[in-house]
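>>> next one to model:
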Amino acid sequence: MKIQQLKYVREIVRRGLSISSAANALHASQPGVSNQVQQLEEELGLQIFERHGKRLTGITPIGQSVIEMAERVLQDVENIRQLVADSKTEQSGTLSIGTTHTQARYALPSAIKKFSERYPNIHLNMVQGTPTEVGEMAATGKVDLAIATEGLAQFESLAILPCYEWNRCVVVPPEHPLLSVKKLRLEDIAQYEILTYVMGFTGRAKQDQTFIEKGLHPNVIFTATDADVIKTYVELEMGIGIIASMAFDPDKDSPLQALDAKHLFPPSVTHMGIRKGSYLRSYMYAFIEFFASHLNRAAVDKAINHQG
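Numbers count the residues shown, from 1 in each chain. A predicted model of the protein is given here:
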């Protein structure tokens, strides 16, 4: 049994059982990949994949167990490589973070600045995407950490750690009627056309559920993934905006005004996803603690090494 054979099997699964796609991703020939998988099956004396002619159509029950074990073996191999690299030089390397625009723009800058000052020789690679996209990146090892409010829990291979709570504000143009309301209600907000986040981003599902529970059906006329875009169109008086409070700066966003809405909506929680069983270099633990001070090394290790 060879490590390369396990890599071929894993990639075939990731590519929806397409041998040609797996071969392209691994820069190998299709016949070579197919041959190596067949050799592995012959050595093990079992079939990992179900077939119809030369086409793979499914995974056998025993094959599923083999694939899960192969994932753990390949994770351990990568951990060994990271351990060796760690022992040689702790002061160089790369930290890859997958996150959404909101986190990258408003939540991460302070932690990034502290980290860069503490580890000037570590290269930071930030990849932006939807919550599901960054979760998949972490689950497949393309990034070290995924940070998002929604979408990470669907990946069973990720340990999910809570980072911080946040809530919302309502952004309005100057002299808007809502500015004269003494205590903002959901009913007040629902009277106006609303600009807010796309479904699946930045706590949108929880926001919608809050209106539904009150029997309200807000008129959402515009959605975006970026709070800056939402604020731009509020300034054009297309409607009122519901955004994360951290995305509003009274000085930079003037003349817009923000109304606190934390009494109207339950708080949302931003989470970090880390692949279970990962070996984290010391500087990775440092970044995590810069971002969420309660996530010390012991707390992170407990989460990523938990087998339940």
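
>>> quick check: buried residues in the helix or strand bottoming out on mean pLDDT in the chain?
Every helix and strand of the chain was ranked by mean pLDDT, DSSP states H and E. The lowest is helix 61-88, at a mean of 81. Buried residues in helix 61-88, counted by 16 or more other C-beta atoms under 10 Å: 63, 66, 67, 70, 71, 74, 75, 82, 86. Using the backbone N, CA and C atoms, a C-beta is placed for each residue, glycine as well.

>>> so which residues of this structure form strands?
49-52, 55-59, 93-99, 122-128, 145-148, 158-166, 168-172, 194-197, 220-224, 240-244, 257-260, 268-275 (DSSP state E).

>>> out of those, which is the most enclosed?
strand 145-148 (a mean of 28; mean count of other C-beta atoms under 10 Å).

>>> run a quick neighbour tally on residue 41.
Neighbour count of residue 41, defined by other C-beta atoms under 10 Å: 18.

>>> what's near enough to touch it?
Residue 41 is in contact with 47, 48, 49, counting by C-beta atoms under 8 Å, 6 or more residues apart in numbering.

>>> one more pass at 7 Å, please.
Listed by C-beta atoms under 7 Å, 6 or more residues apart in numbering, the contact set of residue 41 reads 47, 48.

>>> in CSV: the strands of the chain, plus mean pLDDT and distance to residue 3.
Shown next, in CSV, are these (pLDDT from 0 to 100; distance: least, C-beta to C-beta, whole Å):
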stretch, mean pLDDT, distance to residue 3
strand 49-52, 90, 19
strand 55-59, 91, 20
strand 93-99, 94, 22
strand 122-128, 95, 25
strand 145-148, 97, 25
strand 158-166, 96, 23
strand 168-172, 97, 48
strand 194-197, 96, 43
strand 220-224, 95, 44
strand 240-244, 96, 44
strand 257-260, 96, 54
strand 268-275, 96, 18
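
>>> do you know which of the ones you listed lies nearest residue 4?
Nearest of the strands of the chain to residue 4, taken as C-beta to C-beta: strand 49-52 at 17.1 Å.

>>> pairing partners for the closest one, with directions?
In the sheet, strand 49-52 lines up against strand 55-59 (antiparallel) (DSSP bridges).
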